[in-house]
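[1] I'll drop the sequence and a predicted model, then ask my questions.
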Protein chains: 2
Amino acid sequence: MGTALDQADSQKLTGMAEQLSQQLEQFRALGMQLDLTRGKPGTEQLDLSNALDGILQGGYHCGDGTDTRNYGGLDGITEARALFAGMLDVAPEDLLIGGNSSLTLMYQAVSFALYQGLAGEGSAWTNEPGTIKFLAPVPGYDRHFSICEQFGIDMITVDMDDNGPDMDQVEALLRQDPLIKGIWCVPRFSNPSGVTYSSEVVQRLARLPTIAGRHFRVFCDNAYSVHALDDDAPALDNIMQAFVEAGTEDALYLFGSTSKITFAGAGVAFVAMSPASLGNFKQQLAISQIGPDKVNQLRHVKFLRDSDHLKQHMRDHARLLKPRFDIVIKRLREGLGGWDIARWTEPRGGYFVSFDTLPGLAKTVIELAAGAGVALTPAGATFPYGEDPWNRNIRIAPSFPSLEDIDQAMQVFVTCVKLASVEQLLNHRQAETS
Amino acid sequence: MGTALDQADSQKLTGMAEQLSQQLEQFRALGMQLDLTRGKPGTEQLDLSNALDGILQGGYHCGDGTDTRNYGGLDGITEARALFAGMLDVAPEDLLIGGNSSLTLMYQAVSFALYQGLAGEGSAWTNEPGTIKFLAPVPGYDRHFSICEQFGIDMITVDMDDNGPDMDQVEALLRQDPLIKGIWCVPRFSNPSGVTYSSEVVQRLARLPTIAGRHFRVFCDNAYSVHALDDDAPALDNIMQAFVEAGTEDALYLFGSTSKITFAGAGVAFVAMSPASLGNFKQQLAISQIGPDKVNQLRHVKFLRDSDHLKQHMRDHARLLKPRFDIVIKRLREGLGGWDIARWTEPRGGYFVSFDTLPGLAKTVIELAAGAGVALTPAGATFPYGEDPWNRNIRIAPSFPSLEDIDQAMQVFVTCVKLASVEQLLNHRQAETS
């Protein structure tokens, strides 16, 4: 990157910078307040599930007679386990249905693993002779990283490529350091890069527990498992099956939720594990609660019904989401195509576009955009400790704003990227000649 | 206790034992399957809140425009904070509304206090030079004790009397040992004794942080704050106010929920804290979730409306619960009155009757009852580690079974208590004469 502009002389660059500054000034004068930070569903998406409240029509009982209103049922209701097992390609008995947040299930899993142990007596990570570490493929999801930070777990970054995490790096690190006890993965439509892990990556992931130290766990956040923007989007291999075939299934924690299927804050979350691991997890979980909200689980079953209906429902989401992604990509291509000053992902699903500026410019671009009324996710948010060593990655979240707002915001964004890049080049030239 | 039977001679006692055994045999022959173990609402109680699902009628927004369907809102919605603040006698801004389980909020509070610290940098209990301890007034709630057990927190029991925990014991222990960092309290209609803490106990509770070591916390589980069986039941002093007046409000965690108001498994839970403590708690909580189920919070506000309506709703619960408690008390009085072989509480609210056999007989009574088809909470469940040092306390939970079932179960129970007591006395006599 960064070669096309190089051919322009300094005078031309100065002219370009002035022109771009003027454009930005014009945007600023419009007094816009646009927001591309939030990976949350738009209002029309939420409306798709408005039938949830009231769908029970007084029928609060499950097929097996369970009264969803009362206490108990740590596993979740049978109907919900059957329905959501399909979403994660697992058997219903491997699935536990929790409350409204898969992040909470992940947090609990890390907490139990650290302090109580997830494989019985003596398996707590705190028994290990040193600081526990996790591998963090980057760019990644800040809330995964926050969990590690809160528990004092060190993070080691590994690069993401078009097939998923760089497995050579991952395997080499695990061979070196048995205190690495976990890895964060978003295997389909990764946050933020949109990558779906290749078959090879899934296979190698499944063999990691044979390389790693004891009680290693793969934290697989399959948050976007059915969140394709089109029917031909790349599929993900059956992850649980890969682990079963490798004989490592006890090391897999596979999370999912309906947060971006029904209501972001009022959906249901779930986790799949091997029978042994689920038994251990439930033993710990039972101390912290009497059971999940089974009424809401039953609502979800009545509303989403079966895999076919779920698929149709996700097409309705895609119908609302895809035009938003299309505008982002269109503005990026039109504005930056051929400039060679940026790269970005063109995802087939999920909620984000991952954008890389020239090294060192992410913060500048975000500040420039903020000055013109466009809020972007803070630079570094996609890296552990909020520190992007190249200061170049920006996560663009187009789901929530209107099409018009995205269109305007992306024009501002493109202008900021160009301006920052041109000014950087000018500064380099000056530094060289002074 | 245990003096009335003493006047009977051994021959008479043997005859009584035979007669009681025959009675029990007759019960056994009926093949009953009755259950007095579960402190959960009965079906008719749950039916009182059936209007919850569907009550929103498509109106998913709060008064301030918050879309309850989307992410966010760690504090809970404004309307719910206003409504439930009244239940705990606190200001709305001191209240955080969580998910479906106050037990989870307690678990989180203990976890954060231990590992991250609830008063900023360096305040984690794990920094203390030794094993952390909690005071456990007994008999108490087994799930409080389980949390301590899971986290390796030692428990020291203190006696409950008719005014609450024995505060002389509590204060003496705190003066001795600065590693005691918490005390479990159920201040109104205590589980299982039904006691409501006296004004003096509340006052002394509020001054405990001035005696205790640093970062001491009072875990006050006000689970039955509005759960009176009659309108004249003893009231509880304003707990938060007592702590504010003592200048110790940062040490109070005051929990509540609608689990026994609406749906046991699908209600909303909350916790009140001082602004400083709530700020610290939220900082930790934010790592483990993106926000609570605000849709369900809004449902609860629409359904319970205001304090007056809530009060009426609780009268409807009492109408279903009181006859159940009345049968328990009637059978105990009729069956055991004058025998001087047991004592029991006659609560004015809550969910339990606490029953003490003669020392050493709880397990025997429970086994005898089980043999006749009546399930009782395991002996020791109301004590830390499941160990009742006197083996005498039995928790009776009459909310769930039908009136007829309670009546039958209590007849069996009374027979078992008598039989066990007579046999114990006979054994003592034999031991003395041999």
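    Structure's in. What do you need? Treat the numbers as computed from the prediction; the structure is a model and nothing was measured.

[2] who does the nearest residue to A:Asp166 once chain neighbours are set aside bridge with?
    Excluding the flanking residues, the one nearest A:Asp166 by C-beta to C-beta, 6 or more residues apart in numbering or on different chains is A:Asp159, at 4.5 Å. Bear in mind the C-beta positions are built from the backbone N, C-alpha and C, glycine included. Under DSSP bridges, the beta-bridge partners of A:Asp159 are A:Val138.

[3] A:Ser277 - that's part of a helix, no?
    Yes. Counting by DSSP: H, G, I helix; E, B strand; the rest coil, A:Ser277 is found in a helix.

[4] ok, it - contacts?
    A:118-119, A:249-253 (C-beta atoms under 8 Å, 6 or more residues apart in numbering or on different chains).

[5] So A:Tyr351 sits against A:Tyr224, correct?
    Yes. With contact taken as C-beta atoms under 8 Å, A:Tyr351 and A:Tyr224 are classed as touching, separated by 7.0 Å.

[6] Which neighbours do those two have in common?
    Among the neighbours of A:Tyr351, those also in contact with A:Tyr224 (C-beta under 8 Å, 6+ apart) are A:189, A:191, A:260.

[7] For the stretch 251-400 of chain A, what lies in contact range of chain B?
    Counting by C-beta under 8 Å from any C-beta of the partner chain, the positions of the stretch 251-400 of chain A adjacent to chain B are A:259, A:263-266, A:284, A:287-296, A:299.

[8] List the ones among the residues you listed that fall in helices.
    Residues of those located in helices (DSSP state H): A:284, A:287-288, A:294-296, A:299.

[9] separation between the closest residue to A:Leu114 other than its chain neighbours and A:Cys148?
    Among residues not flanking A:Leu114 along the chain, A:Trp125 sits closest, at 4.8 Å (C-beta to C-beta, 6+ apart). Using C-beta to C-beta, to the nearest Å, A:Trp125 is found at 12 Å from A:Cys148.

[10] out of the two, which sits in the busier spot?
    Higher neighbour count among A:Trp125 and A:Cys148: A:Trp125, with 25 against 22, using other C-beta atoms under 10 Å in any protein chain shown.

[11] okay, now A:Gln411: neighbour count?
    Using other C-beta under 10 Å, A:Gln411 has 17 neighbouring residues.

[12] which ones are touching it?
    A:27, A:331, A:335.

[13] The same query, at a cut-off of 10 Å, please.
    By C-beta atoms under 10 Å, 6 or more residues apart in numbering or on different chains, the contact set of A:Gln411 is A:23, A:27, A:331, A:334-335, A:372, A:374.

[14] Just flag the most distant two among these.
    Spatial extent of these (C-beta to C-beta) is set by the pair A:Glu334 and A:Ala372 at 18.5 Å.

[15] who's more crowded, those two?
    Ranked by neighbour count (other C-beta under 10 Å), A:Glu334 and A:Ala372 place A:Ala372 first, with 24 against 11.

[16] Confirm for me that the more buried one is in contact with A:Leu20.
    No. The pair A:Ala372 / A:Leu20 is not scored as a contact, 11.5 Å apart, by C-beta atoms under 10 Å.

[17] Common neighbours of those two, please.
    A:415-416.

[18] Quick one: residues in contact with the helix or strand of chain A with the lowest mean pLDDT.
    Between all helices and strands in chain A, the lowest mean by mean pLDDT, DSSP states H and E belongs to strand A:34-35, at a mean of 92. If you take C-beta under 10 Å, 6+ apart as the criterion, strand A:34-35 is touched by A:27, A:369, A:372-377, A:397, A:400-402, A:404-410, A:412-413.

[19] Do I have it right that A:Met32 meets A:Ile406?
    No. Here A:Met32 lies out of contact with A:Ile406, judged by C-beta under 10 Å, at a distance of 11.9 Å.

[20] what about whichever residue of the stretch 301-434 of chain A sits closest to chain B, helix or strand, and which?
    Relative to chain B, the nearest point of the stretch 301-434 of chain A is A:Phe400 (8.6 Å; C-beta to the nearest C-beta). Counting by DSSP states H and E, no helix or strand carries A:Phe400.

[21] That one contacts A:Ile406, correct?
    Yes. Counting by C-beta under 10 Å, A:Phe400 sits close enough to A:Ile406 to count as a contact (9.3 Å).

[22] Check the spacing between the closest residue to chain B within the stretch 51-200 of chain A and B:Tyr60 real quick.
    Here the residue of the stretch 51-200 of chain A nearest chain B is A:Gly54; by C-beta to the nearest C-beta that distance is 3.0 Å. Going from A:Gly54 to B:Tyr60 by C-beta to C-beta gives 12 Å.

[23] Please identify which of the two sits among more neighbours.
    Neighbours were counted for A:Gly54 and for B:Tyr60 using other C-beta under 10 Å; B:Tyr60 has more, 24 against 16.

[24] Which residues are in contact with that one?
    A:43, A:46-47, A:49-50, A:52-53, A:263, A:266, B:66-70, B:294-295, B:298-299.

[25] Show the buried residues in those.
    By neighbour count, with 16 or more other C-beta atoms under 10 Å in any protein chain shown, the contacts of B:Tyr60 hold A:46, A:49-50, A:52-53, A:263, A:266, B:66-70, B:294-295, B:298-299 as buried.

[26] neighbours of A:Met167, just the number please.
    21.

[27] Was I right to think it contacts A:Ala206?
    No. Checked against C-beta under 10 Å, the pair A:Met167 and A:Ala206 is beyond contact range at 11.0 Å.

[28] ok, for the residue nearest in space to the middle of chain A, nearest residue in space, not its chain neighbours?
    Centrality entry for chain A: nearest residue to the mean C-alpha point is A:Asn191, 3.0 Å, by C-alpha atoms, centre = their mean. The shortest distance from A:Asn191 to any non-neighbouring residue, by C-beta to C-beta, 6+ apart, is to A:Tyr141 (4.5 Å).

[29] Now do the contacts for the one you found.
    A:39, A:103, A:184, A:186, A:190-192, A:221, A:223, A:352, A:381-382, A:395.

[30] Kindly recompute the last result at 8 Å.
    A:Tyr141 touches A:184, A:186, A:191-192, A:221, A:382, counting by C-beta under 8 Å, 6+ apart.

[31] Counting neighbours, which of those comes out on top?
    Among those, A:Pro192 has the most neighbours (other C-beta under 10 Å), with 30 neighbours.

[32] In chain A, mark out all the helices, start to finish.
    Along chain A, counting by DSSP H, helices occupy A:10-29, A:43-47, A:78-88, A:102-111, A:142-150, A:167-176, A:199-211, A:239-246, A:275-288, A:294-304, A:307-336, A:362-371, A:403-433.

[33] Briefly note if the fifth one comes near chain B.
    Read that as helix A:142-150. Yes. Helix A:142-150 lies within reach of chain B by C-beta under 8 Å from any C-beta, at A:143, A:146-147, A:149-150.

[34] Could you dump those into TSV and include neighbour count?
    Listed next are those as TSV, based on neighbours: other C-beta atoms under 10 Å in any protein chain shown:
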residue	neighbour count
A:Arg143	19
A:Ser146	18
A:Ile147	22
A:Glu149	16
A:Gln150	19
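
[35] Would you format those as CSV with distance to B:Arg81 and pLDDT included?
    As requested, those are exported to CSV (distance: C-beta to C-beta, whole Å; pLDDT from 0 to 100):
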residue, distance to B:Arg81, pLDDT
A:Arg143, 25, 97
A:Ser146, 25, 97
A:Ile147, 27, 98
A:Glu149, 29, 97
A:Gln150, 25, 96
